[in-house]
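Peer 1: starting from these lines, generate the structure:
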Amino acid sequence: MNSFEINKIITAILVTILVVFGIGKISDIIFDKDDENIVAYKLEAPEGEAVQASSETSVDITALLAMGDIAHGEKVYKKCKACHSIKQGGKNNIGPKLWNVMFRPVGSITDYKYSKALSSYGKEWSWEEMNGFLTKPSTWIKGNKMGFAGLKNEKDRASVILYLNQNSDNPKLLP
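Peer 2: Numbering: from 1, shown residues only. Presented below is the predicted three-dimensional model:
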């Protein structure tokens, strides 16, 4: 290989490095990251009107549970198995054991370390609470440490709730 070929290779490498770093610098100049340049509109609530920021919504729980099926709930529950045990006498895993979960107080398993949000929630796992929580745990009880995205499908949610209710010493009658 002669010196002319070596010069072409070195030049190609240098030009590539300059282009890569140059694009980064040029994009930083074009897309300045100062807070002053953020494009957004701040919307104010109309005066005199209260804005409700609650995650609770009214759901006809009887109609929702009518969509569910325990056998389907067992299949959907497989998503929960990685973190929760449903067996009678089962252990806590990443998440608390779920045997007898329906209608027990939220955050009440004594040998599990709950987040502050769940420990201080002060409600019980009713049909409505479980439905709301399973829809999207992070927004239903803000600050909980459950990293599950939620069950958007109503039939899936209803089926899991029925399955959780069945896995109990004393399953509750449906509303």
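
Peer 1: break down the protein into its helices, ranges please.
Peer 2: 3-30, 61-67, 70-76, 116-119, 127-135, 137-140, 154-166 (DSSP state H).

Peer 1: buried residues in the longest one, which are they?
Peer 2: The reference is to helix 3-30. For helix 3-30, a neighbour-count test (16 or more other C-beta atoms under 10 Å) marks nothing as buried. Any C-beta I mention is one placed from the backbone N, CA and C, and that applies to glycine too.

Peer 1: any idea of the mean pLDDT for that helix?
Peer 2: Helix 3-30 shows a mean pLDDT of 89.

Peer 1: adding distance to L174, write the helices of the chain out as TSV.
Peer 2: Listed next are these as TSV, based on distance: least, C-beta to C-beta, whole Å:
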stretch	distance to L174
helix 3-30	58
helix 61-67	6
helix 70-76	11
helix 116-119	25
helix 127-135	8
helix 137-140	22
helix 154-166	8
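
Peer 1: among those, which comes closest to K97?
Peer 2: The minimum distance between K97 and the helices of the chain falls on helix 154-166, with 11.5 Å, by C-beta to C-beta.

Peer 1: which one of the helices of the chain lies closest to I86?
Peer 2: helix 154-166 (7.5 Å).

Peer 1: care to break the protein down by domain?
Peer 2: 3-35, 61-166 (automatic domain parsing).

Peer 1: need the per-residue pLDDT for the residue nearest to L174 when sequence neighbours are not counted.
Peer 2: Of all residues not flanking L174 in the chain, L65 sits nearest, at 5.6 Å (C-beta to C-beta, 6 or more residues apart in numbering). Note for L65: predicted pLDDT of 90.

Peer 1: from memory L65 sits against Y163, does it?
Peer 2: No: in this structure, L65 is not within contact of Y163 by C-beta atoms under 8 Å, at 11.5 Å.

Peer 1: pick out whichever of these two has more residues nearby.
Peer 2: Y163 (22 against 18; other C-beta atoms under 10 Å).

Peer 1: output stretch 157-166 as PDB, nothing but the C-alphas.
Peer 2: Taking Å, rounded to 0.1, in the frame of the first residue of the first chain, the C-alpha atoms of stretch 157-166 are listed here in PDB:
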ATOM      1  CA  ARG A 157     -60.000  -7.000  34.700                       C
ATOM      2  CA  ALA A 158     -63.400  -8.400  35.700                       C
ATOM      3  CA  SER A 159     -62.100 -11.900  35.200                       C
ATOM      4  CA  VAL A 160     -59.000 -11.400  37.400                       C
ATOM      5  CA  ILE A 161     -61.200  -9.800  40.100                       C
ATOM      6  CA  LEU A 162     -63.500 -12.800  40.100                       C
ATOM      7  CA  TYR A 163     -60.400 -15.100  40.200                       C
ATOM      8  CA  LEU A 164     -59.000 -13.200  43.100                       C
ATOM      9  CA  ASN A 165     -62.300 -13.400  44.900                       C
ATOM     10  CA  GLN A 166     -62.500 -17.200  44.300                       C
END
